[in-house]
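Prediction below, plus the sequence it came from.
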Amino acid sequence: MFLSQSARSVSALLTRWRFLASSSSLPLPLSNTLPEAAPASAGTVWTVPLHDHSWYDHVRLKRVFVTDGTRHQVVMVDARKLLECADRDNTDYVLKPVAEWHSGKVRGIREFLDPDNPRIPQMPYVTISTRRAPGLLGWFGLEREGVVAFRNGQHRARYLADAGARWFPVEVHEREAALLREICGAADDARTAIRPSTVDGGGSNA
């Protein structure tokens with residue numbers, strides 16, 4: 001017995017509805033299973049060792065974005081590579097080296113980062129892009145270089161590097177995370193030296 005056109009249409013709609021209803025209950029695949037991309041709670045803190053600092057030997061940093069559904073990721077970066085890219089920024093304010101800061105600024109950021117403070121500072125928040133590199137290969141479009149701009153925490157980043165931090169975590173939008181890892185990513189040793197932990201404590205975005 002053949003179904004009429006209208007009956008076939010109704011049957012197709014019911015079949016499609018059953019498929020959508022069953023698929024909506026299936027777990028969604030994770031877009032990034034790397035540990036760096038895993039969500040962290042508001043109490044997660046990264047302890048960064050300092051190798052050339054007489055005042056204290058580490059600092060604590062927390063995330064900038066901690067709300068559910070944030071589209072930002074924590075990326076462990078090489079301090080030298082990050083600042084090399086930041087020095088190429090010709091659109092935002094670029095700080096001078098720490099040695100050229102006035103004493104009040106140095107003292108202020110040192111006290112701000114002191115791990116004995118009850119309030120935990122936020123990690124630097126950056127954005128990254130690429131541009132044509134100088135030289136012949138760049139002119140032919142065969143070589144590009146990274147450019148980092150700080151949205152928050154440039155003083156922190158430069159002070160940490162000056163104090164002997166080889167790596168530290170930064171936060172970046174998820175669409176730029178892969179590029180940041182490619183250009184400024186820390187060595188595998190960083191995952192052993194800097195591990196996130198959960199503690200109680202406040203924070204600041206200054």
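All right, it came through fine.

which residues in this protein form strands?
Along the chain, the segments classed as strands by DSSP state E run 44-49, 58-62, 72-78, 119-121, 125-132, 144-152, 167-173, 196-198, 202-204.

weakest of those strands in terms of mean pLDDT?
Least confident of those, judged by mean pLDDT, is strand 202-204 with a mean of 44.

re the thing from before, out of the strands of the chain, the one nearest R158 is which?
strand 144-152 (9.3 Å; CB to CB). Backbone N, C-alpha and C define where each C-beta goes, glycine included.

With mean neighbour count and distance to L95 as added columns, please give the strands of the chain in JSON lines.
What follows is the strands of the chain, written out as JSON lines (neighbours: other CB atoms under 10 Å; distance: least, CB to CB, whole Å):
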{"stretch": "strand 44-49", "mean neighbour count": "18", "distance to L95": "19"}
{"stretch": "strand 58-62", "mean neighbour count": "23", "distance to L95": "18"}
{"stretch": "strand 72-78", "mean neighbour count": "23", "distance to L95": "17"}
{"stretch": "strand 119-121", "mean neighbour count": "18", "distance to L95": "17"}
{"stretch": "strand 125-132", "mean neighbour count": "17", "distance to L95": "14"}
{"stretch": "strand 144-152", "mean neighbour count": "18", "distance to L95": "9"}
{"stretch": "strand 167-173", "mean neighbour count": "23", "distance to L95": "16"}
{"stretch": "strand 196-198", "mean neighbour count": "13", "distance to L95": "27"}
{"stretch": "strand 202-204", "mean neighbour count": "13", "distance to L95": "19"}
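
Make TSV from those and add distance to P97 to it.
Below are the strands of the chain laid out as TSV (distance: least, CB to CB, whole Å):
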stretch	distance to P97
strand 44-49	19
strand 58-62	19
strand 72-78	18
strand 119-121	21
strand 125-132	18
strand 144-152	15
strand 167-173	17
strand 196-198	29
strand 202-204	24
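
Go through those strands and name the closest to T91.
Here strand 144-152 is closest among the strands of the chain (CB to CB), at 6.6 Å.

Now do the closest one: distance to the chain's middle.
Relative to the chain's own centre, strand 144-152 is displaced by 12 Å; criterion: CA atoms, centre = their mean, to the nearest Å.

what bridges to the most centrally placed residue in the chain?
Of all residues in the chain, the one closest to the mean position by CA atoms, centre = their mean is E171, 2.3 Å from it. As for beta bridges, E171 partners with V74, Y125 under DSSP bridges.

you'd agree it is up against L61?
No. E171 lies out of contact with L61 (CB atoms under 8 Å); the separation is 9.6 Å.
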